[in-house]
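> Need coordinates for the following:
(chains A, B, C and D)
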Protein chains: 4
Amino acid sequence: MGMIGGGRNAFIGAVHRIAANMDGLIELVCGAFSSNPANARQSGLDLFLPEDRIYPNYEEMIQKESRLPEGDRMDFVVIVTPNHAHFGPAMLALEKGFHVVIEKPMVYSLSEARQLQDRLKQTGLLLCLTHTYAGYPMVKQARRMVNEGAFGKIRKIYVEYPQGWLSRLSERDGSKQAEWRTDPSRSGKSGCMGDIGTHAAHLAEYVSGLRITQLCADLSIFVEGRALDDDGNVLLRFDNGATGTLIASQVAAGEENPLKIRVYGEKGGIEWAQQEPNTLLVKWLDAPAQIYRAGSNYASILSEAATHNCRTPGGHPEGYLEAFGNLYRNFALTLAARLDGTTPTKEALDFPGIEDGVRGMAFIENVVKSNESLEKWTFFEIPG
Amino acid sequence: MGMIGGGRNAFIGAVHRIAANMDGLIELVCGAFSSNPANARQSGLDLFLPEDRIYPNYEEMIQKESRLPEGDRMDFVVIVTPNHAHFGPAMLALEKGFHVVIEKPMVYSLSEARQLQDRLKQTGLLLCLTHTYAGYPMVKQARRMVNEGAFGKIRKIYVEYPQGWLSRLSERDGSKQAEWRTDPSRSGKSGCMGDIGTHAAHLAEYVSGLRITQLCADLSIFVEGRALDDDGNVLLRFDNGATGTLIASQVAAGEENPLKIRVYGEKGGIEWAQQEPNTLLVKWLDAPAQIYRAGSNYASILSEAATHNCRTPGGHPEGYLEAFGNLYRNFALTLAARLDGTTPTKEALDFPGIEDGVRGMAFIENVVKSNESLEKWTFFEIPG
Amino acid sequence: MGMIGGGRNAFIGAVHRIAANMDGLIELVCGAFSSNPANARQSGLDLFLPEDRIYPNYEEMIQKESRLPEGDRMDFVVIVTPNHAHFGPAMLALEKGFHVVIEKPMVYSLSEARQLQDRLKQTGLLLCLTHTYAGYPMVKQARRMVNEGAFGKIRKIYVEYPQGWLSRLSERDGSKQAEWRTDPSRSGKSGCMGDIGTHAAHLAEYVSGLRITQLCADLSIFVEGRALDDDGNVLLRFDNGATGTLIASQVAAGEENPLKIRVYGEKGGIEWAQQEPNTLLVKWLDAPAQIYRAGSNYASILSEAATHNCRTPGGHPEGYLEAFGNLYRNFALTLAARLDGTTPTKEALDFPGIEDGVRGMAFIENVVKSNESLEKWTFFEIPG
Amino acid sequence: MGMIGGGRNAFIGAVHRIAANMDGLIELVCGAFSSNPANARQSGLDLFLPEDRIYPNYEEMIQKESRLPEGDRMDFVVIVTPNHAHFGPAMLALEKGFHVVIEKPMVYSLSEARQLQDRLKQTGLLLCLTHTYAGYPMVKQARRMVNEGAFGKIRKIYVEYPQGWLSRLSERDGSKQAEWRTDPSRSGKSGCMGDIGTHAAHLAEYVSGLRITQLCADLSIFVEGRALDDDGNVLLRFDNGATGTLIASQVAAGEENPLKIRVYGEKGGIEWAQQEPNTLLVKWLDAPAQIYRAGSNYASILSEAATHNCRTPGGHPEGYLEAFGNLYRNFALTLAARLDGTTPTKEALDFPGIEDGVRGMAFIENVVKSNESLEKWTFFEIPG
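Modelled structure (predicted):
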């Protein structure tokens, strides 16, 4: 694995390295960690990389790695730069035959997403989009139960993602995270909706197996001086007739990261909350609710999708890093199967990819369009 | 107190009697419990009423009671019939000089609400609208903290009320509760939004002290064969620029009665959930969240509004019936003050009244109007 | 009902009145509220009692009421004085033919308890001991499930009752509650164990249907200047071979009233916590835990014991006062059946009585004896 | 790092590898994974080790590694065999100059522990005992607050560890984990108390900074056919006069791994539960309880001890593997400081070591002795 971005002080780069490292399947062999050469080099040394595998920029890394002998060179790149700097390295990596792991939102615009999709089709290479929350075992359990019809036809989906960390104008106070995420030139058309609304929308579609067909958005900028939305409320309609709401905020003062989803069908439903991720609440119209637990000893009741994505027995909490690790592990298992010429399991194949990325970018476009519209409903379209 | 409606098998009538009875301030002295004479009589006997104070209908009750000597006759009526049968007895009671306690939604239509409002102004009598949830001590604590500016300017209000009890066509299975609530001729223009959406809207305004100015609604009928909405999602805008969402559903299969509100300002916010009503979660941008508890021994930290509405020390849970009792107790204290010629305390005066009722009926009108509109925003208007 | 004790400022007297009053089955007709004549009289007037039914002391009340014609006179007394003043009025009431409702711990000493037990046998009258927590519907559900063998043979019982309200020497700061409860001459041999340890012990035996046979206690006085234990840890052994622990404290600073019980058998178990009383957690060795809820719509799954003791549908929280009300209601239903010559239902008969009271007094004796012993085990004996 | 034990199908070996690997500070370079040569070899190959660093037994590994040039050879061994097979490799490793990471309980007997302690003193090498739960950031926060006197003098400590996984005779059903843990020849004098009671005792002393001075134990074998205790209740007394209880069970059917500790002082206390490890409940006698959260943005309120042991911002749950990783990271930082000749930070030095191991073995001895005694109190002695 070669990393693009993720130098010293970058939050998500370090998370990727822990996640990739977790199961001993993936080794970081090179990196172009920063556009600042000193930071780039120092970051590489911090990670015990040899000097000749620390590159000053992604172009050089991809070019040089592609000339190394197979077995020596990296197998894939992971792109953890700000959104506007995803597309270039992704396209070049594919061109040179490298698979890609990429942060969400996938790129800067829907148009870039479309081009990436085309390139991927042409090359047949793999892309893994790190929608972390899809990596949790209890999310997978929920998805399996919904999809197997345990609750009958789905009627309602409520998904919410209220954070509070942008309640002040932190982008002016030296917060690097706040800076680029609130900057239209780096983040894209949307702030809050692009950053976390996409997670919420992905989770809703991932768990339910449904697709958003219409939406009605009310985005706000609550903190004076900010350039992009820091909050939004959205009404949703899904392809099977279900309706719902999507809440995302970065000014819900006092909240950390409580992404939460509830799905209800005719006979019951599920509730899952990211801050207590090892629990899945399963509700029934005619019976007491049940508490499904990751890794529990009633393994025959849990789906293979859930147990495959656990490392420890019930009651040994796994968290965000393990969920992230699951994306990497499944990607690595799929990649290894491809390299070995074998067929990856259904569980290994279960990581977000290019379709999720395109829908995510379309979500941003449509939610911004709806916000600007006086009409109630905006159709969820993916032009291009 | 004389009761109109609430005969055998009526859910809410029994609740009212327990609530009114709780503090030894109010005595049930007469009733017109049912349009069915046998039920009416038997219900009265169940309650140990003398035969001559059990009336066959509200007209007779109000007329005859009004002719009894002061001191003997009832002081006020409580109206617990289905919505369409609120207006008649309320108007007659006021005409004959009786104060009124009335179930929500207050009447059948906004127009009736306006007439009731006028009559009330003319007579100077008291009206108490039983928005039960406003009776909880921790709701009052939240309201006080928000209003005193503890959290700075309010930005977000999320209120939700997902029930599951109408997930099937229970109105055809002999459920009396389901029957009238889903019947437009008795319930009014809206089912779910009228029944529980009004509670949610009231709670949002009560806690925040703000007023809804615009809304955008998507109502649904999920259960085939039903005549009124059994679900709805609403975007909200408030008079100070805050935004939010209101969720109400009666097809959230597996849910009981988890009304919940979250309010966020610049510096923090509150979260309160009806199913664990003695706890108020107070969140802060820069400090750990706090768990405020009803009746707790750090009484100096709790507002008088909270402590006044508790009967027991912390850790002795009070619930729905006590919250209901608080409405009655405050109404009774206000009424007693009036009878004594004294000034009721601020806490005694804190029960929902005619303004809340008019806004509730307007909420129903506006939310139904918005649902039928293709435009995104409907202004919250109170014509008349 | 005639009340002994419970004048102005008494905590538990007011609770009894609300509870007795709740269901319209019981009327307070007279009282001897205080040994202070002015307080006694004023307390009675507060409660709208006629002057001739407000008595200066219990002797006069019982004597005079016994001479009133049947139908006019009270049916039973409720005794809510400090522990040392239970025995006298209880014995006299029984002598004069009145049934008795009495606070726990039942009397001042085991010897008094034995005498009361004898007198009760002789008279055939009813006694209800207000172990409130046995009145909760989910406690009854737990008891029923355990007793029906849902969990196989019971192995473990953990019961805990940590309060914090006596963390300081409040008995010297004017707290009336603290004063008598920490005074050996009024409270008895034990403070904490008598006051709340008895509740915990009762709950353990009530839910499990087992009997404590041996115990090993370590009691403490943590607050300097206090005369009775304010804390204790106890090892328990039960008659079927199960073991467990009983924790009670009044110096667990920051705790309110979180009485909690866990019972485990071969196949699963239950957990119930008084501060969220409408939920019963049911755990299984081989399946997800279930959340049983009071009043829920899956009523066929709940036992009759649970549903009989609810007043509202699921999600409308009932609390401490309703649990207390259940004791009164069941007592009143049993009493009414006796007066009518009918057979009370199994559910009506389910209130704590003299056997519970004797065992409670024996618990105090034995736990104090064990505390003073150097031997590990003290047999739970009921001498006399 | 060289691993002893932890071959295919071993639970804890895999956990150690993930934990050691997490932060990129430690590399697995060799192993003697199993006494079965084929398993040993295959386990090494699974982990991508070169064949010449996969050893058939620990003696050969330690001998051969000790002859490799510095820089090539392993820096320390980690011992993850069953208890009876800890002492041999630990002593040999120390003799050959290798530092040691070792599973708990540290060895098979107190006598072995004493010898190990002596050897360690002589060699000056490092030993890290993997009491995982001491690695959680919120445990460290609790310890710091208690130790800094935030709650005044500590009065009560309740620690509990109820598991359910040995509710059946699983050791006869092919459960490898159950097999050795219930076998006196491999596990030692105690089953449940050795396996998890030691964790609970360690946590109590670690958080409170106090030492157990007396105990009174009641151990049981509930599952017929089992040779060692599968359950126990213990009364505790601490060196400052505090008292408490320690509960450990492996037959609490339906429980996973809910280790929990509560500590109360004069002014308040803490509650921490391993299954929701990112939350620390801080309770106050005179103020609302607070919810401290790992990684939260009010970092100035959190101790350095807590923030040092977090990898992600608040709301990104970290769990068991990260806590385990913290032990390794702190050990590695301390080791690196030693190799660099610098002084490790206070935070780096905060990992359990030989004193904890000796006390753990003494806890087992004393708790077993108390169980067999008819006297109430057994002094916590560390003979030798």
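> tell me the contacts of the residue nearest the centre of chain A?
Centroid-nearest residue in chain A, with C-alpha atoms, centre = their mean: A:His131, separated by 1.5 Å. Contact partners of A:His131, counting by C-beta atoms under 8 Å, 6 or more residues apart in numbering or on different chains, are A:Lys104, A:Thr198, A:His199, A:His202, A:Leu203, A:Tyr206, A:Leu327, A:Pro352, A:Asp356, A:Gly360. C-beta coordinates here come from the backbone N, C-alpha and C atoms, glycine included.
> Just the closest of these to A:Ala337, please.
Closest approach between the contacts of A:His131 and A:Ala337, by C-beta to C-beta: A:Leu327, at 15.9 Å.
> just checking, A:Leu28 touches A:Leu49?
Yes - counting by C-beta atoms under 8 Å, A:Leu28 touches A:Leu49, with 7.2 Å between them.
> which neighbours do these two share?
Counting by C-beta under 8 Å, 6+ apart, nothing touches both A:Leu28 and A:Leu49.
> can you tell me if the helix or strand of chain A with the lowest mean pLDDT touches chain D.
In chain A, no helix or strand scores lower on mean pLDDT, DSSP states H and E than helix A:176-181, which sits at a mean of 90. No - counting by C-beta under 8 Å from any C-beta of the partner chain, no contacts exist between helix A:176-181 and chain D, the nearest distance being 9.0 Å.
> Which positions within that helix qualify as buried?
Of the residues in helix A:176-181, A:Gln177, A:Ala178, A:Glu179, A:Trp180, A:Arg181 count as buried by neighbour count, 16 or more other C-beta atoms under 10 Å in any protein chain shown.
> restrict the residues you listed to those near chain C?
For chain C, no contacts are drawn from the buried residues of helix A:176-181 by C-beta under 8 Å from any C-beta.
> which of the residues you listed lies closest to A:Asn147?
Nearest to A:Asn147, judged by C-beta to C-beta, of the buried residues of helix A:176-181 is A:Arg181 at 33.1 Å.
> The closest one reaches A:Met193, doesn't it?
No - A:Arg181 lies out of contact with A:Met193 (C-beta under 8 Å); the separation is 11.6 Å.
> before we move on, back to that, ok, the buried residues of helix A:176-181 vs chain B, which is closest?
A:Ala178 (14.0 Å; C-beta to the nearest C-beta).
> can you tell me how far the closest one sits from A:Phe11?
11 Å (C-beta to C-beta, to the nearest Å).
> cool, and A:Pro50?
26 Å.
> for A:Ala253, same thing?
Taking C-beta to C-beta, one finds A:Ala253 at 21 Å from A:Phe11.
> In chain A, which residue sits furthest out from the middle?
Distance from the C-alpha centroid of chain A, by C-alpha atoms, centre = their mean, peaks at A:Asp286 (35.3 Å).
> Quick check: longest helix in chain A by residues?
Counting by DSSP state H, the longest helix found in chain A is helix A:320-340.
> Low-confidence ranges, the stretch 151-300 of chain A, go.
Applying pLDDT under 70 to the stretch 151-300 of chain A flags no residue at all.
> hey, what's A:Ile157 bridged with?
Counting by DSSP bridges, A:Ile157 is bridged to A:Gly244, A:Val263.
> Quick one: name the residues of the stretch 251-384 of chain A near chain C.
Contacts of the stretch 251-384 of chain A with chain C, taken as C-beta under 8 Å from any C-beta, map to A:282, A:284-293, A:296-298, A:301.
> can you pull the contacts of the residue of the stretch 1-150 of chain A at minimum distance from chain C?
In the stretch 1-150 of chain A, the residue that lies nearest chain C is A:Gln141 (10.5 Å; C-beta to the nearest C-beta). Neighbouring residues of A:Gln141 by C-beta under 8 Å, 6+ apart: A:Leu280, A:Tyr292, A:Ala294, A:Leu302, A:Ser303, A:Ala305, A:Ala306.
> Alongside chain D, which residues does chain A contribute?
Within chain A, the positions adjacent to chain D are A:11, A:14-15, A:17-18, A:21-24, A:47-48, A:163, A:165, A:255-258, A:274-278, A:293, A:296-297, A:311-322 by C-beta under 8 Å from any C-beta.
> Mark which of these are buried, thanks.
A:14-15, A:17-18, A:21-24, A:47, A:163, A:165, A:255-258, A:274-278, A:293, A:296-297, A:311-322.
> Could you say which helix or strand holds the residue farthest from the centre of chain A?
Under the criterion DSSP states H and E, no helix or strand holds A:Asp286.
> The nearest residue to it once chain neighbours are set aside: what's it in contact with?
Residue nearest to A:Asp286 in three dimensions, not counting chain neighbours: C:Tyr298, with 5.2 Å by C-beta to C-beta, 6 or more residues apart in numbering or on different chains. Residues in contact with C:Tyr298 (C-beta under 8 Å, 6+ apart) are A:Trp284, A:Asp286, A:Ala287, A:Pro288.
> Strands along the stretch 151-300 of chain A, start to end?
Secondary structure of the stretch 151-300 of chain A (DSSP state E, counting those that start in this stretch): strands at A:154-162, A:212-220, A:231-238, A:243-249, A:260-265, A:268-273, A:279-284, A:289-293.
> Now the helix or strand following the shortest one: buried residues?
Scanning the chain past strand A:289-293 towards its C-terminal end, the next helix or strand to appear is helix A:304-307 (assignment: DSSP H and E). Residues A:Ala305, A:Ala306, A:Thr307 are the ones in helix A:304-307 that count as buried (16+ other C-beta under 10 Å).
> Just confirm the last one contacts A:Lys140, I think it does.
Spelled out, it's A:Thr307. No - look at A:Thr307 against A:Lys140 with C-beta under 8 Å: they stay out of range, at 9.4 Å.
> just the helices in the stretch 1-150 of chain A please.
A:11-21, A:37-46, A:58-67, A:87-95, A:110-123, A:137-147 (DSSP state H, counting those that start in this stretch).
> Can you say which of these is packed in most?
helix A:137-147 (a mean of 24; mean count of other C-beta atoms under 10 Å in any protein chain shown).
> Could you give the average pLDDT over it?
Regarding helix A:137-147, the rounded mean pLDDT is 98.
> Chain B contacts on the stretch 51-200 of chain A?
Going by C-beta under 8 Å from any C-beta, the residues of the stretch 51-200 of chain A near chain B are A:Phe151, A:Arg155, A:Lys156, A:Tyr158, A:Glu160, A:Pro162, A:Gly164, A:Ser167, A:Arg168.
> Show me chain A divided up by domain.
With domains defined by automatic domain parsing, chain A comprises A:2-129, A:137-310+A:359-369.
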